[in-house]
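Q: Please work out how this folds:
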Amino acid sequence: MKNSLIYLLVIVLVYACNKEQYDIIIKNGTIIDGSGDNGYVADVAIINSKISVIEKNIGGNAEIEIDATDLVVTPGFIDMLSWACGPIIYDGTVPSVVHQGITTAIFGEGWSMGPVNENVRKGMESFWPEYNIKYDWETLSEYLKFVETQGTSVNISSFVGATTLRMYVIGFSDRKASPTELKQMKELLSKEMKAGALGLASSLVYTPAFYADTEELIELAKTAAQFGGIYISHIRNESTELVAALNELVTISEAAQIPAEIYHFKAAGKDNWAQLDDAIAFIESAHARGLDITADIYPYTAGATGLSAIIPPWAKEGGDEALVQRLKNPDLRAKIKNEILASKKGWENFYLMSDGGANILVSYLSGERKKLQGKSLAEIAKIYNRDELETVFDLLIEENGGGGGIYFLMSEDNVCKKMQLPWVSFCTDEDAYKPTGLMSKRNPHPRAYGTFPRILGKYVRQEGLLTLEAAVRKMTFLPAQRLGLADRGLLKAGMVADIVIFNPHEIIDKATYLNPHLFSEGIDFVIVNGVAVIRNGKHTGAKPGKALFKTAN
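A: As a prediction, the model looks like this:
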């Protein structure tokens, strides 16, 4: 009897030792793999940060076993435009980012965190003053490695900002780049592309990027193309001259032979909403000519940017200090005001696009003025007992050219129309936040907390605008393909284990314009590089994120 028990024990031990050992097994989830194909029920096993196998009834042992019955398992979401690049230095757990299922954040809309010199440092001083960022690296790749070494809960990657290149070489001057200056910008870009940057990014509605002409952008885009990069742009005009601005992007793409992406594609301003159909037709005509043009959007009718976006570009030449001095000059102040009210073409007039101050929420002010955050410009004007433009001029002086606003610019019908286009992915276009502490002191756009759950809850489940498979493809495989991230964006063996597990019946955004610091609901697990960052809806504190670098073609 004793020998029989020993024999049985040996058999059990041998069997147990021969069973595969995994780090994580996700059991019985509905797999939406990112390809757009129909979902299916299976298990997912992870080992050494990679997906090892996907099949039904996986045997073996795991340190963590997750029961995903009645839950959906997808690749991690990729945010095509994130401004978490500053806050991530202060707190690498970036709670508002990971709690909505984002596993990879893409930086660099015009301004990038490198290359850096004194011109760039000075230009970025007003971006996140509360975090006391030193900008004591010299290149974009050094910044990305710094964040990885410090620790982050998400993967990060970045474009090189055309704004940053111009700022580095020329500063805030409104003039054409000289041949020598353009050569220097191209050399800086080449260095960053060799180090793994994704491509070239521009934000042409803002200064000093506004001062660059099309020829300058073509030459820079040619350099990015040599390394297999793409050109991505906040186009020069999203309102009265939308199609003309798209034509500039297409011209750059065609001349530089480079794929192109449109940041947060929109027709801004009520008078311009009808232009969206012409814009879509224009892009699809470019597709018919063989050009590779895509776009991203956020699922809201309001945008967000600085309060100085109200000001015409000429008045911002020289930077914030120069703007403040012009606003203090009675004659120049009157000229700026008249130009805003006159609706002069050639620049984007955020005040008129929003149809006045009642549709502009002030999202960020400093000091005692923080109590005004969340109020409309019209409400603040009543408090100041001045008209709306005089009020915003005073705020800009008091904020040394800083301050933020939320601008209601778009129609819900257009948001729905854009979301269904097969060549459109998604972005937050926001910083990272947390409901408590220093990261809660601004009043951000709700997209900071809610973008991806809003799409899955409101537009997929409640409105049936997209299938779950189509929406997940737009959040995962489509952006991964666009960015050249070949080992992410799909659930299949051999891919990196960036994974989101959510309840399709409960997922929804909760953040609002007046109460933005609310996490979304329904996301149970977020796994980054094979490590659980969100577990049972709670942040684990883990920081397994990596800096992702593109391999040059």
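Q: just checking, Leu307 touches Gly403?
A: Yes. Look at Leu307 against Gly403 with CB atoms under 8 Å: they come within range, at 3.9 Å. From N, CA and C alone the C-beta is placed, and that goes for glycine too.
Q: residues shared between the contacts of these two?
A: Any residue near both Leu307 and Gly403 by CB atoms under 8 Å, 6 or more residues apart in numbering counts here, and that gives Val362, Leu395, Leu396.
Q: Stretch 153-163: end-to-end distance?
A: 28 Å (CA to CA, to the nearest Å).
Q: same question, stretch 376-390
A: 14 Å.
Q: which residues sit against it?
A: Outside stretch 376-390, the residues touching it (CB under 8 Å, 6+ apart) are 310, 337, 340-341, 351, 356-362, 372, 375, 391-392, 394-395, 405.
Q: Equivalent analysis for stretch 334-351, please.
A: By CB under 8 Å, 6+ apart, stretch 334-351 touches 205, 210, 237-241, 268, 305, 309-313, 315, 326-327, 352, 357, 360, 388-390, 392-393, 405, 407, 409.
Q: if you set the cut-off to 6 Å instead, what comes out?
A: Val205, Asn237, Ser239, Thr240, Ala309, Ile310, Pro312, Pro313, Ala315, Leu352, Leu389, Tyr407 (CB atoms under 6 Å, 6 or more residues apart in numbering).
Q: Could you identify the most distant pair in those?
A: Across the contacts of stretch 334-351, the longest distance by CB to CB is 21.2 Å; it joins Asn237 and Leu389.
Q: List the residues that contact Val72.
A: Val72 touches Thr30, Ile32, Phe502, Pro504, counting by CB under 6 Å, 6+ apart.
Q: before we move on, what about Ile106?
A: Applying CB under 6 Å, 6+ apart, the residues contacting Ile106 are Met80, Ser82, Ser157.
Q: which one of the residues you listed sits closest to Gln21?
A: Closest to Gln21, out of all of the contacts of Ile106 and judged by CB to CB, is Ser157, at 31.5 Å.
Q: Wasn't Val500 part of a helix?
A: No. Using DSSP: H, G, I helix; E, B strand; the rest coil, the assignment for Val500 is strand, not a helix.
Q: Which stretches in the stretch 1-150 of the chain count as helices?
A: 2-18, 87-90, 95-98, 118-124, 140-150 (DSSP state H, counting those that start in this stretch).
Q: Would you format the contacts of Ile106 as a markdown table with distance to Val460 included?
A: Output for the contacts of Ile106, formatted as a markdown table (distance: CB to CB, whole Å):
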| residue | distance to Val460 |
| --- | --- |
| Met80 | 19 |
| Ser82 | 22 |
| Ser157 | 27 |
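Q: Inside strands: which ones of the residues you listed?
A: Among these, DSSP state E puts Ser157 in strands.
Q: now, which of the contacts of Ile106 sits nearest Leu485?
A: Ser157 (7.5 Å).
Q: Beta-bridge partners for the closest one, please?
A: Ile106 (DSSP bridges).
Q: quick one: it and Glu399, what's the gap?
A: 31 Å (CB to CB, to the nearest Å).
Q: give me the low-pLDDT residue ranges for this protein?
A: 1-19, 344, 552-553 (pLDDT under 70).
Q: what does stretch 163-181 contact?
A: By CB under 6 Å, 6+ apart, stretch 163-181 touches 110-112, 115, 117, 119-120, 123, 184-185, 188, 203, 208-209, 211-212, 216, 317-319.
Q: And Phe172, how far from Val120?
A: Counting by CB to CB, the gap from Phe172 to Val120 is 11 Å.
Q: more crowded one of these two?
A: Val120 (24 against 20; other CB atoms under 10 Å).
Q: Identify the residues contacting the more buried one.
A: Neighbours of Val120 in contact, by CB under 6 Å, 6+ apart: Thr164, Met167, Tyr168.
Q: Which member of the residues you listed is positioned nearest Leu478?
A: Nearest to Leu478 among these, with distances taken as CB to CB, is Thr164, at 26.6 Å.
Q: Contacts only, for the closest residue to the closest one other than its chain neighbours.
A: Nearest residue to Thr164, sequence neighbours excluded (CB to CB, 6 or more residues apart in numbering): Ser112, at 4.8 Å. Each residue near Ser112 by CB under 6 Å, 6+ apart is listed here: Leu140, Ser158, Val160, Gly161, Thr164.
Q: hmm, 7 Å instead?
A: Leu140, Ser158, Phe159, Val160, Gly161, Thr164, Ala201 (CB atoms under 7 Å, 6 or more residues apart in numbering).
Q: try Trp314
A: Asp174.
Q: What backbone torsions are found at it?
A: phi -60, psi -30 (degrees, to the nearest 10).
Q: hang on, the earlier thing: tell me the one among the contacts of stretch 334-351 nearest to Glu261.
A: For those, the nearest to Glu261 is Val205 (16.0 Å; CB to CB).
Q: and that closest one, how far is that from Glu348?
A: Taking CB to CB, one finds Val205 at 5 Å from Glu348.
Q: More neighbours: these two, which one.
A: Higher neighbour count among Val205 and Glu348: Glu348, with 27 against 23, using other CB under 10 Å.
Q: Can you tell me the SS state at the more buried one?
A: coil.
Q: Work out the gap between the lengthiest strand in the chain and the centre of the chain.
A: Ranked by residue count and defined by DSSP E, the top strand of the chain is strand 21-31. Centroid separation for strand 21-31 versus its chain: 29 Å, with CA atoms, centre = their mean, to the nearest Å.
Q: repeat for stretch 369-376
A: With CA atoms, centre = their mean, you get 25 Å for stretch 369-376.
Q: Could you tell me which residues within it count as buried?
A: Leu372, Gln373, Gly374, Lys375, Ser376 (16 or more other CB atoms under 10 Å).
Q: Just give me the closest of those residues to Thr451.
A: Gly374 (19.6 Å).
Q: Excluding residues flanking it in the chain, which one is nearest the most centrally placed residue in the chain?
A: Nearest residue to the geometric centre of the chain (CA atoms, centre = their mean): Leu81, 1.9 Å. The shortest distance from Leu81 to any non-neighbouring residue, by CB to CB, 6+ apart, is to Cys427 (3.7 Å).
Q: Which residue ranges of the stretch 351-500 of the chain form strands?
A: Remark: strands assigned in the stretch 351-500 of the chain by DSSP state E, counting those that start in this stretch are 360-364, 404-408, 424-426, 499-502.
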